[in-house]
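S.K.: only geometry, no sequence info:
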């Protein structure tokens, strides 16, 4: 984290190298416990294999982390994405249950997710409420709203078009994989081929300065939360389609934490600023690969959370600013750097404003 | 250097202090002697080593060589808390006390009177009231600190430092955000502290204040002591000469009275309730309008109002005879206004972005995110201004926060010059930067004016305002009180304009 | 004398009184002592955990792990009491030691590795929940005569049973209030919330305080887990999911600023009671579905966040005006 914010803007390869290494290690672990991990079969017009599974099951978190990366780049956080997934799934299900087509359902779900994103954006950008607080509101109330839509039941459906989004294939590849790859590519393209990415980073680093430089920070902030809401809606529809039903209680439960984790594993600072969507997506794949290792190794699934927690700690310790300073000191091994100099941007200072 | 030591032994004697950072020697064999009952000014330009020395004294840094003697006994503080216990208290410019705690809690944090582990609040409040009364403050110690003004908070910080430490009081730029009256309030307190026999170290950029309150001074340059002197025997000029290591050539002012161009901006009755009284102002092309006044007089507010950083609630702005609406900085930028703000770190730089991105930021924001500036063009713009303004950097890819203050200021100027503004507003363009960059920025302002740009410059440095302004507006108490033109523009006249109002 | 910093607390109190009045006017039966007793009993575990959360939030941090720690405690107790002959009291001591140690480690990680509390306690949340799973994925019933004794303890007034665990919560709040407002540790917590940099310069032992705060939160989550196991007579690794959210909501509704530095432990009690009232009302009503609880609490949370925003804004404005006054007339002061 520190090495990326100091010094020249690294090339994309250098930026994502640590994440790639971790991913390769995770995949190698998969192979170690299950040698046929990379084997991919083509049966019944669909690709089968563990690697495909990783890509497929990682789709919800991958989708969420696209929006989350942008939100975190603005020094924000979106805790509501899991609840928004539940709302979007509930809306999509209730639309098809009422007899409308899957296109209509998708649009309605996206509209619901967009609305949630706008609400978060309004609280953060217009009412200037701290993001973690602002999005907590929807995190708490969102599942209640989703249950309101489904009237407390698990709404099941059998609309083929909608189910296709979560369980179908296109040219042999499961649809969710194509959706997150396409969305990831699209958003990366939009932010990097335009000036959007730089402006978002500027807001995340110093919003006051950015506003005084003429950047429309308010609109940009609303936009990133809108994108996050839309990504969550898409993820919600996929999850609902996959199980052919909307479960307001459990859909997307704790996925906001996985998404934040993916972003952090992707080397993006929670304090905002420089970001890389590609690295976040690799982070999402790392999380899924770890899940896969545990599954394939035959370890009881109970260990899943413990191992995940230890992994997070491991990765975070490596990325910790203090450890970074320590390594730097070892390398310099001569005069001491200035660890006591006040940080350029301290968290406390920023949230206080 | 003549021997100016009084016969007493120093309270604090720092000898042979050295501190190295990778690639630089921050302090080289520095000696500092603090006598009881004196105010000792620590002088030097930015980067001379003042703050490093203070940090070595307070234990925030570990010194690499040298000894510290407190009352003749060797000490070795390892943290600010440690030095506090030993008797060295420090008051900083900003991060001082906790606004959410009460006055009494701030005064007694860490040493509250307790019985059986429980804090005795009533006793604490009573003691706090008594302590503060000793400094001439009569206030409710159970109110949160945030309820009081910055000046009173500073006095409370001093009271805390004196009560806790009681031997040495270090004041690190305590007056930077105070106005004239508040500085006097603070000085009264400092005199009381001095009368109690403490040694006070006083650090400031304001030489007037140094001479007003200090007895002796130690002058640092490039990490070395260049002299220790009794201030009663010195002039300001002598001190500046020591600080800079050369004589300031008296700036000969050949005011270019060449007629300014057409009127660019007409401002009529622009104001905001509670912030600044309505004011009117015309700025012509090829003219530098100076804004003078004490801190808090409304200079920054005027600049912010015109630029839309603060939205006006009355009045109007005409640009080339057409009324325009400026509600946000965005509107201002769209009309080719530019503002270099007073607080570089908070309002100016985007610290983690590269110097290159910082330079093109305003231009890119004006173009909108849909039309990114091509990479080659970005490079060209950045290179042009780095060369034109002589910005010293290792690489354009460096995060701007790693640049020195002067170079950051130049990069910010580059940001706005890149937008090719019609009206350039500069708020304290030379604050806190070294003398070299200072002169370059003054020269740049004159150059831009000669090229036909309209400039509005707010500054607290009168000499500087006199040097480049074609007109000077004097503000007091958030109102315009006087306009000076042509030969009227002298430091004396500006001071008089402020002072006359004071009498009235 | 009413001070501006007490305003959020007063508003919380007023909200509670108003909410109770509304409930009582709709269902006079809610005025009974029995409802009050149940309010205390049903919210005991949440209240105890929320005391710890108040300390964490006052210091400017957050602890996402408490729900998992409560579940872990329950499962741990159930498994220990099932598989060993350890006395419950010894098991309580052991589990309190474990959870306090767990909090200590999280606090140390946050402080020494300079990592955001959000992420560290998120990892803690996974770890504790995972440990609970590893112990048992099934719900383990607790049968021990000592449990029956404890559960049988109550103080009866007019047919209302004030049970042990409700009393334990009230006691925890009293101790919490004393620690927050009358000890140096409590003052240091507020100091950290006011600004870590300034607190450090003022000599606050930042390391000790940070670690202490998370240790307290972990320990109280453990106590809350014990209470929860007394309440349900079982340990289940999937229990108390999302309790950290409810605790955070109670703290905010109780008038504590989520960014730290301002607030009262006592306010949190009323935050808990307000949330309990909403649930009780929905139970009394009978026609309203349970999800309305979440929506109403979310709405309440929003209202209090807006209120805090408004108060902060007003305070800033006042400070600016005070600044202007001294600028024009500080002669009067000197």
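M.R.: Okay, I see it. Owing to the predicted nature of the structure, the values given are computational and were not obtained by experimental measurement. Residues are numbered from 1 along each chain as shown, chains lettered A, B, ... in the order given.
S.K.: Give me the pLDDT for the residue of the stretch 401-504 of chain B found nearest chain C.
M.R.: Nearest residue of the stretch 401-504 of chain B to chain C, counting by Cβ to the nearest Cβ: residue B:477, 5.7 Å away. Yep, even glycine has a C-beta here, placed from its N, CA and C like the rest. In this prediction, residue B:477 carries a pLDDT score of 73.
S.K.: Tell me the spacing between it and residue A:278.
M.R.: 56 Å (Cβ to Cβ, to the nearest Å).
S.K.: circling back to that earlier point, thinking the residue of the stretch 401-504 of chain B closest to chain C is in contact with residue B:301, fair?
M.R.: No. Judged on Cβ atoms under 8 Å, residue B:477 makes no contact with residue B:301 at a distance of 11.5 Å.
S.K.: thinking again about what came up before, can you count the residues close to the residue of the stretch 401-504 of chain B closest to chain C?
M.R.: 19 (other Cβ atoms under 10 Å in any protein chain shown).
S.K.: what's the strand or helix carrying residue B:240 packed up against?
M.R.: Element membership for residue B:240 (DSSP states H and E) is helix B:236-244. The helices and strands touching helix B:236-244, judged by 3 or more Cβ pairs under 8 Å, 6 or more residues apart in numbering or on different chains; DSSP states H and E, are strand B:39-43, helix B:207-213, strand B:216-221, strand B:224-230.
S.K.: so how far is it off the chain centroid?
M.R.: 20 Å (Cα atoms, centre = their mean, to the nearest Å).
S.K.: residue contacts, the one residue in the stretch 101-250 of chain A that gets nearest to chain C?
M.R.: Chain C sits closest to residue A:141 of the stretch 101-250 of chain A, with a gap of 2.3 Å, by Cβ to the nearest Cβ. Residue A:141 sits next to A:83, C:294-295, C:297-299, C:301-302 when contact means Cβ atoms under 8 Å, 6 or more residues apart in numbering or on different chains.
S.K.: one more time with 10 Å
M.R.: A:80, A:83, A:87, A:148, C:291, C:294-302 (Cβ atoms under 10 Å, 6 or more residues apart in numbering or on different chains).
S.K.: for residue B:452, same thing?
M.R.: B:260-262, B:264, B:284-287, B:422.
S.K.: just the strands in chain A please.
M.R.: Per DSSP state E, chain A carries strands over the ranges A:40-43, A:46-49, A:155-156, A:169-170, A:173-174, A:245-246.
S.K.: Would you point to the one among those that's packed deepest?
M.R.: Across those, the average number of neighbours (mean count of other Cβ atoms under 10 Å in any protein chain shown) peaks for strand A:245-246, which reaches a mean of 26.
S.K.: So what's the model's average confidence on that strand?
M.R.: For strand A:245-246, the mean pLDDT works out to 92.
S.K.: what helices or strands is that strand leaning on?
M.R.: Packing partners of strand A:245-246 (3 or more Cβ pairs under 10 Å, 6 or more residues apart in numbering or on different chains; DSSP states H and E): helix A:81-97, helix A:131-150, strand A:155-156, helix A:217-243.
S.K.: which outside residues touch that strand?
M.R.: By Cβ under 10 Å, 6+ apart, the surrounding residues in contact with strand A:245-246 are A:85-94, A:96-97, A:109, A:146, A:149-150, A:153-158, A:236-237, A:239-240, A:251.
S.K.: Filter those down to the buried ones, PyMOL style.
M.R.: Of the contacts of strand A:245-246, the buried ones go into a single PyMOL selection, burial set by 16 or more other Cβ atoms under 10 Å in any protein chain shown:
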select buried, chain A and resi 85+86+87+88+89+90+91+92+93+94+96+97+109+146+149+150+155+157+236+237+239+240+251
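S.K.: So for the chain, which residue is the most central one in space?
M.R.: Using chain A. residue A:65 (1.4 Å; Cα atoms, centre = their mean).
S.K.: hm, I was asking about chain C
M.R.: The centre of chain C sits closest to residue C:50, judged by Cα atoms, centre = their mean, with a distance of 0.5 Å.
S.K.: how far away is that residue from residue C:85?
M.R.: Counting by Cβ to Cβ, the gap from residue C:50 to residue C:85 is 34 Å.
S.K.: Could you list every helix and strand in contact with the strand or helix carrying residue C:81?
M.R.: Following DSSP H and E, one finds residue C:81 within helix C:66-83. Helices and strands touching helix C:66-83, by 3+ Cβ pairs under 10 Å, 6+ apart, are helix C:44-58, helix C:88-112, helix C:117-135, strand C:140-141, helix C:145-152, helix C:206-232, strand C:234-235, helix C:243-253.
S.K.: Please identify the most buried of the ones you listed.
M.R.: Using mean count of other Cβ under 10 Å, the stretch among the helices and strands packed on helix C:66-83 with the largest mean neighbour count is helix C:44-58, at a mean of 29.
S.K.: can you tell if that helix touches chain B?
M.R.: Yes. Interface with chain B: helix C:44-58 contributes residue C:58 (Cβ under 10 Å from any Cβ of the partner chain).
S.K.: what's that helix packed up against?
M.R.: So helix C:44-58, by 3+ Cβ pairs under 10 Å, 6+ apart, packs with helix C:66-83, helix C:88-112, helix C:164-182, helix C:184-194, helix C:206-232, helix C:243-253, helix C:265-285.
S.K.: Show me the strands in the stretch 51-200 of chain B, by range?
M.R.: B:65-70, B:73-75, B:88-91, B:114-115, B:118-119, B:168-172, B:199-203 (DSSP state E, counting those that start in this stretch).
S.K.: Check residue 310 and give its pLDDT.
M.R.: Because you didn't say which chain, this covers chain A. Looking at residue A:310, the pLDDT reads 83.
S.K.: Chain B, not that one
M.R.: 88.
S.K.: now swap in residue A:85 and tell me
M.R.: 96.
S.K.: Now do the contacts for it.
M.R.: Residue A:85 touches A:60, A:63-64, A:109, A:113, A:116, A:142-143, A:146, A:231-240, A:246, A:251-253, A:255-256, counting by Cβ under 10 Å, 6+ apart.
S.K.: again, but for residue C:182
M.R.: Applying Cβ under 10 Å, 6+ apart to residue C:182 gives the contacts B:112, B:114, B:117-121.
S.K.: How about the contacts made by residue C:109?
M.R.: Per Cβ under 10 Å, 6+ apart, neighbours of residue C:109: A:313, A:316-317, A:320, C:115, C:117, C:119-121, C:123-124, C:211, C:214.
S.K.: Can you add pLDDT and distance to residue B:486 and give those back as a markdown table?
M.R.: Formatted as a markdown table, the contacts of residue C:109 follow (pLDDT from 0 to 100; distance: Cβ to Cβ, whole Å):
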| residue | pLDDT | distance to residue B:486 |
| --- | --- | --- |
| A:313 | 78 | 70 |
| A:316 | 72 | 65 |
| A:317 | 75 | 67 |
| A:320 | 70 | 62 |
| C:115 | 83 | 62 |
| C:117 | 90 | 61 |
| C:119 | 83 | 63 |
| C:120 | 89 | 65 |
| C:121 | 91 | 67 |
| C:123 | 87 | 69 |
| C:124 | 92 | 71 |
| C:211 | 97 | 67 |
| C:214 | 97 | 67 |
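S.K.: Check the gap between residue A:119 and residue B:53 for me.
M.R.: Applying Cβ to Cβ to residue A:119 and residue B:53 gives a distance of 53 Å.
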